[in-house]
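J.: Pasted the sequence and its predicted model underneath.
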Amino acid sequence: MAVDEFTDESKSKGIVWGFGVFLGIVLFILLILGAWWGREPNTFNVQEEALERAKDTGVEDMPIGFVYTNTLAHIAEVLMHKPGGYLTNDVAPPGLFLDNIPSWEYGALVMLRDATTALRNHFARNQSQSTEDPDLSKAEPYFYYERNSWALPSTESEYAKGIEALHDYMNHLSKPDANGKKSQFYPRADNLWQYVEVVIKRLGGLSSRLTASTKRGVGKHQGIISPDTVNRKEDDDFQVQIASSWLEIDDIFYEARGASWALLEILQAIKHDFSAILLDKRAMNTVEIMIHELQNAVAPILSPMVLNGDGFGLFANYSLTMANSIARANAAALDLRDVMNRG
């Protein structure tokens, strides 16, 4: 009996030990996958990507608008096919526990939506009463599908349809469709001005939220009083900057990183397809300033976590550094808007 009890006890210990080893291996694999999937995608060369697409589709001479549209399609493809795929709608580990990259994806997605809307409503229209392009009328709504749907239909399947519709528009830029109709792209100053107006609001909002994530000046009265209450001193007359929760600091930071990454690529494409009007308006340098500042905003991060030091302390303040770069890009965007709106 003693021998049997010893054998049973050994088997129990062996099962527990084996389960512990198995659990440790699973956790190790999840940690490795999480570190890999949690890396931000690199920037890409918009012209090289467009040339590769043109070669694959048999386009010899890329028409105006080809680079811009391909850049939008490729941004969406990066969101779908980067390591780990699209993580925002993941319901299983390790993607379920990775919140930084979903925030990054959301920032890039907002910029993608704005640029696709500008393409449909402005860049592809000759006048305000012109008929919209049928391919773009299909592409834009797909990118506005809810971003966290994992089934019936999934977010990826809807965005893939949007990418396909953008590719159809690119093909019809190069050659007519079955009805003999050819898509158009109009790189005019007024079209670009309307898109830059949206960019200014996006960058301004990101800069404000990043500043609210810092310890400097958080929660203080801004001293802005409405004209009709200039003689009143009550606290409710002041605009108050609400401090971001410390749990949201990294989410806001990575959302700004994703938005900066996508806008950087879009501006590179605009620099190519709108080069004639930018040179004519002497605004090329302004676009290059925006690009330079956004390149600074997506520079590699040396710390495994978002540091938000205070004043002249020991630690850097990542949110404030990002806010400064975005604010300078926003200032350049304001100059670009004024130049494009000037007769």
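T.: Happy to help now that I have it. Residues are numbered from 1 along each chain as shown.
J.: And the closest residue in space to Met340 that isn't next to it in sequence, which helix or strand is it part of?
T.: Using C-beta to C-beta, 6 or more residues apart in numbering and skipping residues adjacent in sequence, the residue nearest Met340 is Trp193, 3.8 Å away. In this view, the C-beta of every residue, glycine as well, is placed from N, C-alpha and C. Under the assignment given by DSSP states H and E, the secondary-structure element containing Trp193 is helix 189-212.
J.: quick one: contacts of that helix?
T.: 107, 110-111, 114-115, 117-118, 122-123, 125, 217-218, 241-244, 252-253, 255-256, 259, 263, 270, 274, 277, 281, 319-320, 322-323, 326-327, 329-330, 333-334, 336-337, 340-341 (C-beta atoms under 8 Å, 6 or more residues apart in numbering).
J.: Could you rerun that using 6 Å?
T.: Taking contacts as C-beta atoms under 6 Å, 6 or more residues apart in numbering, the residues outside helix 189-212 that touch it are 114, 118, 122-123, 241, 243-244, 252, 256, 274, 277, 319, 322-323, 326-327, 329-330, 333, 336-337, 340-341.
J.: now do stretch 109-116
T.: Applying C-beta under 6 Å, 6+ apart, the set of residues contacting stretch 109-116 from outside is 72, 75, 140, 143, 198, 259, 262-263, 266.
J.: Give me the mean pLDDT for that stretch.
T.: Stretch 109-116 comes out with an average pLDDT of 98.
J.: how about Arg125, secondary structure?
T.: In three-state terms, and counting by DSSP: H, G, I helix; E, B strand; the rest coil, Arg125 is coil.
J.: Count the residues that sit near it.
T.: 20 (other C-beta atoms under 10 Å).
J.: Next up, the contacts around Asn89.
T.: Shown here is Asn89, whose contacts under the criterion C-beta under 6 Å, 6+ apart are 148-150, 155.
J.: quick revisit: could you give me the PyMOL selection string for whichever of the contacts of helix 189-212 are buried?
T.: When burial is assessed using 16 or more other C-beta atoms under 10 Å, the buried subset of those is captured in PyMOL by this command:
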select buried, resi 114+118+122+123+243+244+252+256+274+277+319+322+323+326+327+329+330+333+336+337+340
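J.: Please tell me I have it right and Gly309 contacts Phe315.
T.: Yes. In this structure, Gly309 sits in contact with Phe315. The criterion is C-beta atoms under 6 Å, and the distance is 3.3 Å.
J.: Compare neighbour counts for the two and give me the winner.
T.: For Gly309 versus Phe315, the count of surrounding residues by other C-beta under 10 Å is larger for Gly309: 16 against 10.
J.: Can you name the next helix or strand after the lowest-mean-pLDDT helix or strand in the chain?
T.: Least confident helix or strand of the chain, by mean pLDDT, DSSP states H and E, is helix 2-37 with a mean of 73. Note on helix 2-37: by DSSP H and E, the next helix or strand toward the C-terminus is helix 46-57.
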